[in-house]
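# pasting the sequence and the predicted model now:
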Amino acid sequence: MDGRRRRRMIRKSKQARRRMLLWMTFAMVIGIGTIALGAQGQKPQTVYYESVRIHAGDTLWEIAETYKADTEKTEHMIDKILACNQMKTTNIQSGDHLLIPIVKAAEAEIK
């Protein structure tokens, strides 16, 4: 009787491992497919930089709103401006200059 129980436990353990392997394989296929499809939908982009002079009353939020892409969140643009200008805070002063990264779709090559 004890041998039967042991064989049954071994069989269930093997079944559980097979199910786990099947689920992991499924998850990997879905993940890789999602990444591949996402990469295909991206258009080539070019980054341009524009220098902007800060005037009295300007805020980083307003500047980011002005220069962000239509589909981009303002918070993301602020992060890009901070990184581009090596800033640690969002404090800006009148008379300073900021480099603003502007992303545009790359134009098709002319042959």
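Yep, it's here.
# helix, strand, or coil at residue 89?
coil (DSSP: H, G, I helix; E, B strand; the rest coil).
# what about it, how many neighbours?
Other residues lying near residue 89 total 7 when counted by other C-beta atoms under 10 Å. C-beta: built from backbone N, CA, C; applies to glycine.
# any idea how far it is from residue 75?
15 Å (C-beta to C-beta, to the nearest Å).
# A strand includes residue 46, no?
Yes. Per three-state DSSP, residue 46 lies within a strand segment.
# tell me the contacts of the spatially most central residue of the chain?
By C-alpha atoms, centre = their mean, the chain has its centre lying nearest to residue 76, at 10.1 Å. Contacts here follow C-beta atoms under 8 Å, 6 or more residues apart in numbering; on that basis residue 76 touches residue 68.
# equivalent analysis for residue 24, please.
Listed by C-beta under 8 Å, 6+ apart, residue 24 has no contact partners.
# so the chain: which segments form each domain?
For the chain, automatic domain parsing gives the domain ranges 1-42, 45-105.
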